[in-house]
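Enquirer: Coordinates for the following, if possible.
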Amino acid sequence: MIRSLRVSGAMAFAALCVIAVPAQAQLSSGTSGFSSAPVNASEAEYWQMMGRLGQCLANSKEEASRTFLAAPIDSEAENAAFAALFHRQSNRCMGNFVSASLLRAHVRGVVAEGLIEQLPEDRRAALVATPPAEPDTIANLHDFARCYVAMHPAESMTLLRETRLQSAGELAYIQQIAGDFGACLPEGRDVSLRPLNVRLALAEALHHAATSEESDR
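Expert: Coordinates of the predicted model:
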């Protein structure tokens, strides 16, 4: 089920906020217990895999994961970094999945969560105590996320650490904090934001804030 929430703002987030489950995702033979042929994965199975994927890539391919997130979105550098993460025909981080048409935006978000989980506790605490600067302008979903992280780092961290990807808890928590989104959106129009997109963008914003703080030390 696709859920969304509406907040005030004047940005055309539509193109940035449409992230759906890929149409093609298959589990390996024997997963169903009845057939040797691959079976189509359910939405729940897909998101469970994605939740594990980010942490696995962050642990097993940390440098490649950092390079991927450092690359500008939709750039040749991002294409090369993404290929480096998935250059083999099979990837153990995908578990029982033999294939999945992964969306780049999904992978960026879950990899960011995996890298954040690797941070020492004092590093996460320091980020919350000294928020990053807000962006000068807000032109897209990632600008919105950087702004919200700058204003509410603790709430952003709580979302990632205490709720699961695409879960009821995630939805409930984002509904709880949505009242604070308006300060990071231009005035004048309603904007529809999907909780999953918010989570993934906040994860990447937190990662960039943390690595920026590390480079400044």
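Enquirer: Confirm that Met50 sits in a helix.
Expert: Yes. Assessed by DSSP: H, G, I helix; E, B strand; the rest coil, Met50 belongs to a helix.
Enquirer: Please look at it and Ser167 and confirm they touch.
Expert: No. Using C-beta atoms under 8 Å, Met50 is not in contact with Ser167; the gap is 12.0 Å. Where you see a C-beta, it was placed from the backbone N, CA and C, and this is true even at glycine.
Enquirer: Those two: who's more crowded?
Expert: With neighbours defined as other C-beta atoms under 10 Å, Met50 and Ser167 compare such that Met50 has more, 25 against 16.
Enquirer: what sits against the residue nearest to that one when sequence neighbours are not counted?
Expert: Ranked by C-beta to C-beta, 6 or more residues apart in numbering and with sequence neighbours excluded, the top spatial neighbour of Met50 is Val110, at 5.3 Å. Shown in contact with Val110 (C-beta atoms under 8 Å, 6 or more residues apart in numbering): 50-51, 53-55, 165, 200, 203.
Enquirer: repeat for Arg161
Expert: Listed by C-beta under 8 Å, 6+ apart, the contact set of Arg161 reads Glu117.
Enquirer: Output the helix or strand that it is a member of as PDB - backbone C-alpha positions only.
Expert: Element membership of Arg161 [criterion: DSSP states H and E] is helix 153-162. The C-alpha coordinates for helix 153-162 follow below in PDB (Å, rounded to 0.1, in the frame of the first residue of the first chain):
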ATOM      1  CA  PRO A 153      19.000  15.900  14.000                       C
ATOM      2  CA  ALA A 154      17.800  14.000  17.000                       C
ATOM      3  CA  GLU A 155      14.400  13.300  15.500                       C
ATOM      4  CA  SER A 156      16.000  12.200  12.200                       C
ATOM      5  CA  MET A 157      18.300   9.800  14.000                       C
ATOM      6  CA  THR A 158      15.400   8.400  16.000                       C
ATOM      7  CA  LEU A 159      13.500   7.600  12.800                       C
ATOM      8  CA  LEU A 160      16.400   5.600  11.400                       C
ATOM      9  CA  ARG A 161      17.300   3.800  14.600                       C
ATOM     10  CA  GLU A 162      13.900   3.000  16.100                       C
END
